[in-house]
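Student: Quick one: sequence plus predicted model below, questions after.
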Amino acid sequence: MTEPTENPAIEVYGLEDRSFPPSEEFRASALVRGSELHDEAARDHEGFWARQAADLLSWRRQWDTVLEWDLPYARWFVGGQLNASENCLDRHVEAGRGDKVAFHWEGEPGDTRTITYRELHAEVCRFANVLRDLGVAKGDRVAIYMPMIPELPVAMLACARVGAAHSVVFGGFSAESLRGRIVDAQAKVLITADGGWRRGKAVPLKASADAALEDTPSIEHVVVVRRTGDEVAMAAGRDHWYHDVMAGASTECAAEVMEAEDLLYLLYTSGTTASPKGIMHTTGGYLTQAAFTHKYVFDLHADTDVYWCAADIGWVTGHSYIVYGPLVNGATSVMYEGSPDHPGRDRWWDIVERYKVTILYTAPTAIRTFMKWGTTEPASHDLSSLRVLGSVGEPINPEAWMWYRRHIGGDRCPVVDTWWQTETGAIMISPLPGATTTKPGSATFPLPGIAAEVVDDRGQPVERGGGYLTLTRPWPSMLRGIYGDPQRYHDTYWSRFEGRYFAGDGARVDDDGYFWLLGRVDDVMNISGHRVSTTEVESALVAHAAVAEAAVVGAKDEVTGQRIVAFVTCKGDQTPGDELGQELRAHVATKIGPTARPRTVIFTDDLPKTRSGKIMRRLLRDVADGRDLGDTTTLADASVVDEIRRRAEAAPQDD
Ligand code: PRX
């Protein structure tokens with residue numbers, strides 16, 4: 001259950017009194033310049049969303065009911081029928097926009113592909129036919145484990161076309177993580193690649209996939225895209241090269257007619273227990289809000305903008321803002337495979353300059369990395385094409401916000417800090433760049449059609465001040481549940497505060513009503529904008545033969561937001577030390593993935609616990625942050641803390 005284990009760390013940012021109204025120049029051509037959308041949504045919540053659904057999407061059949069709300073289950077556009085891939089592709093081609101570029105794709109080694117809507121449509125149809133030939137049908141699940149190559153959106157849209165739900169697993173996850181997700185979803189087919197490029201190296205994916213597939217009886221076929229050219233094992237009868245199966249496939253493929261509430265995809269995300277949750281998103285409501293937010297939060301002018309979301313499609317940001325939102329809106333996007341420092345630290349700015357990117361969407365951790373690298377790199381490129389900058393994934397500190405605005409946006413571009421989650425499916429709290437006066441570090445206000453409130457411990461609304469962020473009305477792209485676990489859905493999100501969705505975040509409302517997001521208040525860490533569960537890392541650690549007990553916390557980090565610190569108690573016959581520390585770090589990376597690798601391992605003879613035996617993570621966080629310790633009287637053995645602090649000071653820190 002997502003219950004805050006301790007008081008939320010409601011920190012008050014230093015008095016931030018800078019504010020930035022939209023410039024007259026920006027406002028002059030902005031889609032929204034005032035409160036018109038907010039006013040409309042306030043007058044008629046359902047009518048507002050119905051208008052968006054009608055304006056932004058093509059429906060095979062009009063819905064009968066806009067919203068059925070039986071807390072905690074929402075059904076949007078009930079009776080409506082549509083297909084996601086048709087909305088992303090066919091209607092643009094049919095409307096004469098087939099030659100418009102959907103993706104300017106760039107591989108890390110420098111290879112490029114320009115893919116028009118017509119070409120994307122043809123490739124998706126061919127691959128949808130391949131999936132059908134492999135026995136994939138409406139209602140099935142398909143796992144996808146791929147690098148950032150065009151075949152990834154193709155695979156997703158092909159699934160959508162045949163009515164199968166995709167479950168994309170980030171390429172940085174381990175074989176074991178992939179296996180767990182495949183088994184939970186009972187996926188029938190896996191789509192992967194030989195590997196992908198990252199920092200000049202080929203990252204092997206097929207080898208991980210093979211390890212995962214040793215124990216996934218539901219998988220009948222594997223399709224493998226050749227990307228790096230490295231040799232991989234191909235299991236006869238099970239594994240097929242993408243280029244082989246595509247060779248004879250037809251470019252005609254009738255799209256499956258889907259109900260608005262049919263499952264579009266599963267995306268696994270970390271919760272407060274060791275097993276990730278399969279977040280369920282359905283078709284009509286999800287596409288409506290993804291497209292709505294993509295259009296209005298970024299002030300999209302689809303005919304002229306070149307939009308670049310620099311996230312990985314393996315996370316929800318990529319689902320909503322590389323694939324579905326931009327394609328529904330007929331946008332031209334940049335998609336980049338690799339790392340920002342290959343071959344040089346100006347790779348992003350080179351991309352912005354060459355493609356004349358107008359809208360850039362990234363994460364605070366990337367911005368802070370660029371800050372660390374200095375201003376020379378961005379200053380050596382012409383970034384004057386940029387007009388809107390977005391941020392997502394973690395709280396953005398005012399300094400990073402200001403740096404982004406000044407050194408990337410030339411003091412000219414509005415910065416939109418967008419708060420949302422895998423569960424919300426689309427942006428919930430954000431400025432509208434032509435209408436909202438921004439404050440550095442604040443996500444400002446709930447979007448039109450979204451109702452958010454900060455509440456205190458007892459669930460009472462806090463009009464001004466800090467507390468827990470909750471959502472008080474259903475929204476179209478909300479999760480429809482956790483795959484196979486309705487009880488967990490209820491317990492995690494709907495039980496903490498009656499009648500409210502509890503996001504797991506702390507937030508503060510300032511005197512002007514602005515929302516300031518303060519980070520997680522549960523046992524979920526945010527490492528470079530990636531959600532990692534403390535419990536999941538702890539379980540991985542205790543699965544190691546040398547470990548008796550482990551407690552994991554997120555400590556503050558200037559670049560990655562948080563870093564993982566593990567406190568480990570060894571079994572009696574083990575020798576704690578650097579060597580074992582390295583082994584444990586590697587062990588977690590193998591079990592979960594490199595993002596979950598602890599930065600620091602601190603060995604301790606005991607862990608601080610309450611009298612009821614609960615590990616006191618707050619205390620460990622204080623130790624990890626090097627802060628003074630608060631009240632320790634609830635400790636079973638207060639001397640443990642001194643010991644831990646002594647060891648924390650001595651422990652090696654690793655990158
Ligand atoms: O803690 C919040 C943080 O990221 C969490 C959601 O993570 P995930 O589901 O992986 O989705 C990330 C991309 C949407 C939230 O609970 N978060 C996300 N955006 C912001 C944020 N925290 C502060 N400010 C944001 N703009």
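Tutor: Great, that's in hand.
Student: in the stretch 251-400 of the chain, which spans are strands?
Tutor: Using DSSP state E, counting those that start in this stretch, the strands found in the stretch 251-400 of the chain span residues 258-259, 263-269, 277-282, 306-309, 332-336, 359-362, 388-392.
Student: Show me what the last one pairs with in its sheet, parallel or antiparallel.
Tutor: Read that as strand 388-392. strand 359-362 (parallel), strand 415-418 (parallel) (DSSP bridges).
Student: Got the confidence number for the residue of the chain positioned farthest from its centre?
Tutor: Within the chain, the residue lying farthest from the chain centre (CA atoms, centre = their mean) is Asp573, at 41.4 Å. Note on Asp573: pLDDT of 88.
Student: Kindly report the same for Pro109.
Tutor: 98.
Student: helix or strand for the residue lying closest to it once chain neighbours are set aside, which one?
Tutor: Excluding its sequence neighbours, the residue lying closest to Pro109 (CB to CB, 6 or more residues apart in numbering) is Trp197, at 5.8 Å. All C-beta spots, glycine's among them, are computed from the backbone N, C-alpha and C. Remark: Trp197 resides in strand 195-198, with elements defined by DSSP states H and E.
Student: Which elements pack onto that strand?
Tutor: Applying 3 or more CB pairs under 8 Å, 6 or more residues apart in numbering; DSSP states H and E, we find strand 195-198 packed against strand 201-204.
Student: check contacts around the residue farthest from the centre of the chain.
Tutor: Contacts for Asp573 (CB atoms under 8 Å, 6 or more residues apart in numbering) come out as none.
Student: A strand includes Thr192, no?
Tutor: Yes - under DSSP: H, G, I helix; E, B strand; the rest coil, Thr192 falls within a strand.
Student: what's the neighbour count on it?
Tutor: Using other CB atoms under 10 Å, the number of residues around Thr192 comes to 30.
Student: Quick check: bridge partners of it?
Tutor: Applying DSSP bridges, one finds that Thr192 bridges with Tyr145, Val224.
Student: Could you report the distance from the residue in the stretch 151-300 of the chain that the ligand sits nearest to to Ser177?
Tutor: Closest to the ligand within the stretch 151-300 of the chain is Thr269: 5.2 Å, counting by CB to the nearest ligand atom. Per CB to CB, to the nearest Å, Thr269 is found 12 Å from Ser177.
Student: got any ranges where this protein has weak pLDDT?
Tutor: 1-16, 628-635, 653-655 (pLDDT under 70).
Student: any idea how it splits into domains?
Tutor: 24-507, 524-650 (automatic domain parsing).
Student: Is the ligand within reach of the last one?
Tutor: So the one you mean is domain 524-650. Yes - Domain 524-650 comes into contact with the ligand (CB under 6 Å from any ligand atom), by way of Asn526, Arg531.
Student: returning to what we had before: take the strands paired with strand 388-392 and lay them out in JSON lines including distance to Glu558 and mean neighbour count.
Tutor: Putting the strands paired with strand 388-392 into JSON lines (distance: least, CB to CB, whole Å; neighbours: other CB atoms under 10 Å) gives the following:
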{"stretch": "strand 359-362", "distance to Glu558": "17", "mean neighbour count": "25"}
{"stretch": "strand 415-418", "distance to Glu558": "18", "mean neighbour count": "24"}
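Student: can you give me the helices in the stretch 151-300 of the chain?
Tutor: Here the stretch 151-300 of the chain has its helices, by DSSP state H, counting those that start in this stretch, at 151-162, 175-185, 206-213, 242-247, 284-297.
Student: what comes into contact with the longest helix seen in the chain?
Tutor: Scanning the chain for the helix with the most residues, using DSSP state H, yields helix 117-133. Residues external to helix 117-133 that are found in contact with it (CB under 8 Å, 6+ apart): 85, 89-90, 92-93, 97-103, 115, 142, 150-151, 153-155, 157-159, 161-162, 164, 189, 223, 242, 245-246, 249-253, 255, 327, 330.
Student: what about the one residue in the stretch 551-655 of the chain that gets nearest to the ligand, neighbour count?
Tutor: The nearest approach of the stretch 551-655 of the chain to the ligand comes at Gly561, 9.0 Å away (CB to the nearest ligand atom). Neighbours of Gly561 under the rule other CB under 10 Å: 24.
Student: Would you confirm that the residue nearest to Pro109 contacts Asp230?
Tutor: No - judged on CB atoms under 8 Å, Trp197 makes no contact with Asp230 at a distance of 10.9 Å.
Student: more crowded one of those two?
Tutor: Trp197 (22 against 14).
Student: Could I get the contacting residues of the more buried one?
Tutor: Counted by CB under 8 Å, 6+ apart, Trp197 has contacts Gly107, Glu108, Pro109, Pro147, Val203, Arg227, Thr228, Glu337, Gly338.
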